[in-house]
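Participant: just coords:
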């Protein structure tokens, strides 16, 4: 028991004895088993974090802010990557839940029925990130994010106010959050009587600058009357701006271009990119803080935390 306490770093063990125990452990090559420790103590210091991609700057920033909060509180992340695949998310949960993590941080609400059942059956504290569940369906489900649909509507409203009438929505990846932005764009155009299904370019490929160039070319070939392009993410919007520059298309005079997320590099484009700034670092920190309260058995006054978004209006629109 004393050895266990020494290896856990408990203060009630004499410092000299702690160093002796750790020296023996080093010489033996002993590494504590966190899963066994969790089973024995019914406590875990691990938190499972599931994100769609590690190659996306957005999720790297999310994890960084989560880590700062959890590490300071003595917890460590187990990171799983779902690749926007429901089946992969289910497999990750079935793999990690037997390790008895202290809590879960999940991206979004787009889960398979099997995952929904797993979450309903487990007693582990869980917070959803980046989205807000429907108020009428999940009012008490802990979540931290913003309305993707409202943000999509807001950037579309801005383009309308700038006199644009043929506003296309160009998207890749097509995960649930992208489709919510599309719903906001669609609703805003429908309000003005300007919605046309032909303006909806939904491509399943992962987003990239190359895809942005392809989408711009395809959109203008399909309908030369298009006077604005709203891209679901900044990387494809940046690719479209570069393609417009290569083709000599004046932006914004002939064609307005807007992105989403305010990723690095957008402000360095020619012209600088209009976009929606999303609070991913704040979402990560607030999600981790909310999870800490839940893991301690504390009440959460505001389980549905809306951190909002910000329109960043630059010269591309």
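Facilitator: Nice, I can see it. Computed from a predicted model, the values in this text were never measured in an experiment. Numbering: from 1, shown residues only.

Participant: my guess is residue 49 contacts residue 101, does it?
Facilitator: No. Using CB atoms under 8 Å, residue 49 is not in contact with residue 101, being 9.4 Å away. Glycine gets a C-beta too; all of them are placed from N, C-alpha and C.

Participant: after the helix or strand of the chain with the lowest mean pLDDT, which helix or strand is next?
Facilitator: Lowest on mean pLDDT, DSSP states H and E among the helices and strands of the chain sits helix 34-41, with a mean of 51. Reading on from helix 34-41 to the C-terminus, the next helix or strand found by DSSP states H and E is strand 46-51.

Participant: what's next to whichever helix or strand comes after that next one, contact-wise?
Facilitator: Beyond strand 46-51 on the C-terminal side, the first helix or strand identified by DSSP H and E is helix 57-72. Contact with helix 57-72 is made by 47, 49, 51-54, 76-77, 79, 105, 107, 129-130, 261, 263-264, 278, 280-285, 287-289, 292, as judged by CB atoms under 8 Å, 6 or more residues apart in numbering.

Participant: list residues touching both of residue 49 and residue 101?
Facilitator: By CB under 8 Å, 6+ apart, residue 49 and residue 101 have these common neighbours: residue 78.

Participant: most centrally placed residue in the protein?
Facilitator: For the chain, the residue sitting closest to the mean C-alpha position, by CA atoms, centre = their mean, is residue 130 at 4.9 Å.

Participant: distance check, that one against residue 144.
Facilitator: Distance, residue 130 to residue 144, by CB to CB, to the nearest Å: 8 Å.

Participant: now swap in residue 18 and tell me
Facilitator: Look at residue 18 and residue 144: by CB to CB, they are 38 Å apart.

Participant: do the same with residue 215
Facilitator: Counting by CB to CB, the gap from residue 215 to residue 144 is 31 Å.

Participant: same deal with residue 312?
Facilitator: Here residue 312 is placed at a distance of 21 Å from residue 144 (CB to CB).

Participant: likewise residue 209?
Facilitator: Spatial separation of residue 209 from residue 144 under the definition CB to CB is 30 Å.

Participant: higher neighbour count, those two?
Facilitator: More neighbours sit around residue 144 than around the other of residue 209 and residue 144, counting by other CB atoms under 10 Å; the figures are 28 against 17.

Participant: you'd agree the more buried one is in a helix?
Facilitator: No. Residue assignment for residue 144, taken from DSSP: H, G, I helix; E, B strand; the rest coil, gives strand, which places it outside any helix.
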